[in-house]
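Visitor: Based on what follows, work out the 3D shape:
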Amino acid sequence: MNPFLLGILLMIATCAVWGLAFVAPIALPNATAIEVTLGRTFAYGLISLLLFDLRRAVRLPPGVLGRALVYALTGNVLYYFLLVVGMQWAGASMGVLIIGMAPVTVTIAGRLRQGIGALKPLAFPLLLFAGGVVLSNTARTDFSGASSDLAPLGMLAIFSALVMWTWYAVVNARFLQETHLVTAREWSSVVGLVSLAVAIVALPAAWATGLARAPDQVPGNELALLALWSVLLGGGATWLGTVLFNMASKVLDLTILGQMIIFEAVFGMLYVFIAVGEMPTAQEFAGISTALFAVWLSIRRLYRPVR
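Guide: This next block holds a predicted model:
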C-alpha cells in the first residue's frame with residue numbers, strides 16, 4: 001500500500017480509539033480527574049508490561065528511557081490531568097474548543113522547522129480549519145454565563161495541556177523517524193512501562209492526600225465501572241492509540257499528521273452524541289464539515305511534496 005495512504009488510514013484508526021476519552025467523563029460523573037487519569041495510566045502500564053519484555057526495556061540506553069519518561073508525562077499523565085482539571089474548572093466546552101486547536105498548533109510547529117515560508121501554502125487551509133473548529137465548538141458554549149473563580153486557572157490548565165501535547169507530538173514523531181532502537185509498537189510499551197512507574201508512585205500519594213479515593217471507599221458498581229473504563233482508556237485510547245499514532249508518525253509529514261488529529265474530535269463527538277442520544281446541531285455540523293474540508297485542501301496542496 002502507498003505509505004501516504006497507509007499513514008492516513010492509521011491516523012483515522014488512531015483517532016477512532018482516542019475519541020473514547022471524550023465519553024469517559026459522561027460514563028464516570030463521580031470520578032475525580034486524578035482517579036480517571038491514574039486509572040488510565042495504570043491500565044496502560046500493566047498492558048505494556050504484559051506485551052513487552054522488561055529485560056529489553058532495561059537494556060535500552062538511559063537517554064532513551066529518560067526520553068520515555070518525559071513523553072509519558074507530557075503526552076499522557078500530566079496532559080490528561082491538566083485537561084480534565086481545566087474542563088472541570090473552566091467548562092467542558094472551553095476545553096474542547098482549546099484542545100480542538102491541536103491540529104493547527106501541531107501543523108504549525110512541525111512546518112516551522114522548514115522555515116516560516118513553508119507555512120504559506122497552508123495559510124488559507126489553517127485559517128479555514130481554525131474557523132471550522134471555533135464554529136463547531138461554540139455551538140453549545142454560553143459565553144455570557146457566569147464563570148467560577150477558578151475559570152481563569154482552568155483556562156490556563158487547558159492551554160498548558162495544549163502546549164504540552166503539541167510539543168510531544170512533534171518531538172515524538174521526529175524521534176521515531178530518526179531512531180532505529182525501537183519500533184513504533186515497542187515505543188508505545190516502553191512509554192507505558194515508564195507511565196506505570198509514575199502511577200505506582202502517584203497512586204498512594206493521591207490516596208493519602210484525598211485527591212483520589214482508595215478502592216475500599218468507592219461503591220462496588222462505581223468501582224467496576226471505573227475499572228472497565230480504565231481498561232478501555234488504558235488499552236484502547238492509550239496503548240493501541242499510541243501504537244497507531246507512532247506508526248503514522250513514521251510515514252506522514254508532520255503537517256498532515258497534525259491536521260489528521262481533527263478526526264479525534266469527529267469520533268469523540270460521534271460517541272458523545274450516541275451516548276447522550278442527541279443529534280449535532282446545524283452549526284456543529286457546518287463547523288466540523290468546514291474543518292474536514294480544510295484538511296482535504298491541505299492534503300491536496302501538499303500531496304506532491306509529501307509523496
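Visitor: any chance you could map the strands in the protein?
Guide: For the chain, no strands are identified by DSSP state E.
Visitor: which residues are contacting the helix or strand bottoming out on mean pLDDT in it?
Guide: Ranked by mean pLDDT, DSSP states H and E, the helix or strand of the chain with the weakest confidence is helix 92-99, at a mean of 74. With contact meaning C-beta atoms under 8 Å, 6 or more residues apart in numbering, helix 92-99 is reached by 22, 25, 83, 86-87, 133-134, 137-138, 140-142, 154-155, 158-159, 161-162, 165, 265. For glycine as for every other residue, the C-beta is placed from the backbone atoms N, C-alpha and C.
Visitor: Buried ones among these?
Guide: Buried by 16 or more other C-beta atoms under 10 Å: 22, 25, 83, 86-87, 133-134, 137-138, 154-155, 158-159, 161-162, 165, 265, out of those.
Visitor: Residue most distant from the centroid, the protein?
Guide: For the chain, the largest distance from the centre (C-alpha atoms, centre = their mean) belongs to Asp216, which lies 30.5 Å off.
Visitor: if I look at Asn246, how far off is Thr74?
Guide: 15 Å (C-beta to C-beta, to the nearest Å).
Visitor: Point out where the stretch 1-150 of the chain drops to low pLDDT.
Guide: 92-93, 113-119, 139-149 (pLDDT under 70).
Visitor: Next, the distance between the ends of stretch 133-152.
Guide: Start-to-end span of stretch 133-152 (C-alpha to C-alpha, to the nearest Å) is 21 Å.
Visitor: Likewise for stretch 254-271?
Guide: End-to-end distance of stretch 254-271 (C-alpha to C-alpha): 27 Å.
Visitor: For that stretch, buried residues please.
Guide: For stretch 254-271, using 16+ other C-beta under 10 Å, the buried residues are 254-269, 271.
Visitor: Where helices are concerned, which of those residues count?
Guide: Cross-referencing the buried residues of stretch 254-271 against helices under DSSP state H gives 254-259, 262-269, 271.
Visitor: nearest to Gln283, of these?
Guide: Set against Gln283, the nearest of those by C-beta to C-beta is Met269 (12.5 Å).
Visitor: right, and that closest one touches Met279 too?
Guide: No. Using C-beta atoms under 8 Å, Met269 is not in contact with Met279; the gap is 10.9 Å.
Visitor: Which residue ranges of the stretch 151-300 of the chain form helices?
Guide: Using DSSP state H, counting those that start in this stretch, the helices of the stretch 151-300 of the chain run over 151-178, 184-209, 220-231, 241-251, 254-259, 262-276, 282-306.
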